[in-house]
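S.K.: please find the sequence and the predicted model below.
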Amino acid sequence: MARPRCAICGAPAVVYLRYARMALCREHFREHLLRRVEGVLTRAGLLRRGARIVAAVSGGKDSSTLLDLLAELSRSYGLQVYPLHIDLGIGEYSAHLRRAVERLVSRLGLPLILVEVRRVLRGDGVPEFARRAGRPTCSVCGMVKRYVMNAAAEALGADAIATGHNADDAIAYIVKAFIGQDEEQMAKWLPYTPPSGGAVARVRPLYEVYERYALLYAIVNRIPFTHEECPYRARNSMEDTIKEMFNRLEEQHPGLKIGFLRRFSKKRSAEGVPGPVNRCRICGAPSQGEVCSFCRLTERVYGEPLGPEMRRAVAEAVEKALGVSSGSGRGRASAPPQGSS
Ligand code: Q46
Ligand code: ZN
Ligand code: ZN
């Protein structure tokens with residue numbers, strides 16, 4: 001059987017996009033994904049020279065693909081992209097992720113903001129911290145990641161934090177929240193969440209990119225990432241089942257997933273999403289209450305609130321990555337010029 005050819009240039013195709021009824025070569029597949037990412041960034045007002053975006057990179061396929069695409073956009077539009085990796089201290093798994101991220105950023109020529117939670121949590125990784133706190137590992141992990149991401153974005157004076165959530169993730173969280181009739185959770189799953197109550201804006205540039213294409217992109221472009229799964233990841237979760245269900249529906253109705261997300265985001269505005277309203281009186285991070293959850297939990301586990309220390313460690317990691325030294329740990333670090341080609 002003849003190898004399919006790219007619908008645009010006739011070169012050998014690497015992908016057939018059922019929803020667009022189109023085969024594409026490696027170059028045009030890249031173009032296609034770039035247009036999707038550009039669309040989200042444009043609507044969020046972030047596709048402009050000088051926009052500062054912290055890209056959270058875990059070392060998995062989605063965020064690695066995201067960083068590669070954002071690096072390309074930084075070259076064409078003059079965005080300032082800052083990769084942030086949080087070493088969560090989850091044994092060998094974290095070590096693999098970190099190596100993948102280090103290879104990726106060195107290939108892209110970007111400075112990496114690397115935050116190691118063990119350095120602040122008295123030698124503990126997230127699993128030990130969660131065990132001592134008597135809380136589920138993933139909920140503590142999520143809290144730590146949110147805290148560090150926001151602190152890094154604040155130290156940089158960033159306009160937004162970009163995460164690698166893809167279309168399938170967004171659908172799974174939306175449908176799960178719908179089942180629980182949790183309006184607040186549902187409203188969070190838009191491509192862009194504006195800054196609110198001190199929390200830095202969030203953008204999900206892969207919102208319209210299917211999981212399988214994020215993976216394929218990473219493979220055909222030989223992007224360093226790890227296939228390994230976190231040992232704490234729940235098996236057969238409701239999210240996984242929802243993803244399977246929607247993939248079956250997509251088989252029968254190509255384009256259904258993108259259509260669903262577009263209708264969902266059109267109908268809602270993120271304005272109504274309630275963000276944190278206070279600043280933690282201990283560390284100054286945005287917080288729902290008087291003291292933020294990071295300070296509260298670390299105080300309970302380690303006898304003192306570690307928010308100020310974590311914010312200092314994050315600010316130092318930012319300064320180290322940018323090769324600047326402000327000495328203060330607060331405020332806005334300035335960046336070396338990026339992407340002018
Ligand atoms: S890293 Fe952390 Fe995930 Fe591992 S402990 Fe759970 S939340 S599963 S995305
Ligand atoms: Zn082509
Ligand atoms: Zn705090």
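M.R.: Perfect, thanks for sending it. Residues are numbered from 1 along each chain as shown. Ligands and ions are numbered 1, 2, ... in the order given.
S.K.: do the lengthiest helix in the chain and ligand 3 meet at all?
M.R.: Secondary structure assigned by DSSP state H gives helix 137-156 as the longest helix of the chain. No - Helix 137-156 lies apart from ligand 3 when judged by Cβ under 5 Å from the ion; the minimum separation is 8.1 Å. Placement of C-beta: from N, CA and C, glycine included.
S.K.: and the longest strand along the chain with helix 137-156, angle?
M.R.: Secondary structure of the chain per DSSP state E: the longest strand is strand 80-87. Strand 80-87 runs at 140 degrees relative to helix 137-156, counting by axes from the mean of the first three to the mean of the last three Cα atoms, to 10 degrees.
S.K.: strands paired with strand 80-87, and their directions?
M.R.: Note on strand 80-87: by DSSP bridges, its sheet partners are strand 52-56 (parallel), strand 113-116 (parallel).
S.K.: pipe those strands into CSV and attach distance to residue 289 per row.
M.R.: Below are the strands paired with strand 80-87 laid out as CSV (distance: least, Cβ to Cβ, whole Å):
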stretch, distance to residue 289
strand 52-56, 25
strand 113-116, 24
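S.K.: before we move on, the earlier item: after the longest strand of the chain comes which helix or strand?
M.R.: Using DSSP states H and E, the helix or strand that follows strand 80-87 towards the C-terminus is helix 91-108.
S.K.: average pLDDT across that next one?
M.R.: Taken as a whole, helix 91-108 carries a mean pLDDT of 97.
S.K.: go on, stretch 304-319?
M.R.: For stretch 304-319, mean pLDDT rounds to 98.
S.K.: tell me the buried residues in that stretch?
M.R.: Neighbour counts over stretch 304-319 (16 or more other Cβ atoms under 10 Å) mark 305-319 as buried.
S.K.: ok, residue 39 to residue 220 distance?
M.R.: 22 Å (Cβ to Cβ, to the nearest Å).
S.K.: try residue 183
M.R.: 39 Å.
S.K.: can you tell me the closest non-neighbouring residue to the residue nearest the centre of the chain?
M.R.: A centroid search over the chain (Cα atoms, centre = their mean) returns residue 163, at 1.6 Å, as the residue closest to the centre. Ranked by Cβ to Cβ, 6 or more residues apart in numbering and with sequence neighbours excluded, the top spatial neighbour of residue 163 is residue 56, at 5.1 Å.
S.K.: can you check residue 19 too?
M.R.: For residue 19, the spatially nearest residue (Cβ to Cβ, 6+ apart) is residue 255, at 3.8 Å.
S.K.: pretty sure the one you found sits against residue 17.
M.R.: No - checked against Cβ atoms under 8 Å, the pair residue 255 and residue 17 is beyond contact range at 9.6 Å.
S.K.: please say which of these two ends up with more neighbours.
M.R.: The residue with more neighbours, out of residue 255 and residue 17, is residue 17; 17 against 14, by other Cβ atoms under 10 Å.
S.K.: please name the bridge partners of the more buried one.
M.R.: The partner residues for residue 17, given DSSP bridges, come to residue 22.
S.K.: circling back: now the strands paired with strand 80-87 in JSON lines, with distance to residue 239, mean neighbour count and mean pLDDT?
M.R.: Below are the strands paired with strand 80-87 laid out as JSON lines (distance: least, Cβ to Cβ, whole Å; neighbours: other Cβ atoms under 10 Å; pLDDT from 0 to 100):
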{"stretch": "strand 52-56", "distance to residue 239": "19", "mean neighbour count": "24", "mean pLDDT": "98"}
{"stretch": "strand 113-116", "distance to residue 239": "26", "mean neighbour count": "21", "mean pLDDT": "98"}
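S.K.: what residues are up against the closest residue to ligand 3 within the stretch 51-200 of the chain?
M.R.: Residue of the stretch 51-200 of the chain nearest ligand 3, by Cβ to the ion: residue 147 (8.1 Å). Counting by Cβ atoms under 8 Å, 6 or more residues apart in numbering, residue 147 touches 285, 292-294, 307, 310.
S.K.: same deal with residue 112?
M.R.: Residue 112 makes contacts with 83-85, 101-102, 105, 321, as judged by Cβ under 8 Å, 6+ apart.
S.K.: distance of it from ligand 2?
M.R.: Per Cβ to the ion, to the nearest Å, residue 112 is found 32 Å from ligand 2.
S.K.: same question for residue 4.
M.R.: In terms of Cβ to the ion, residue 4 sits 11 Å off from ligand 2.
S.K.: nearest to residue 264, out of the strands paired with strand 80-87?
M.R.: strand 52-56 (22.8 Å; Cβ to Cβ).
S.K.: please consider this matter closed, and thank you.
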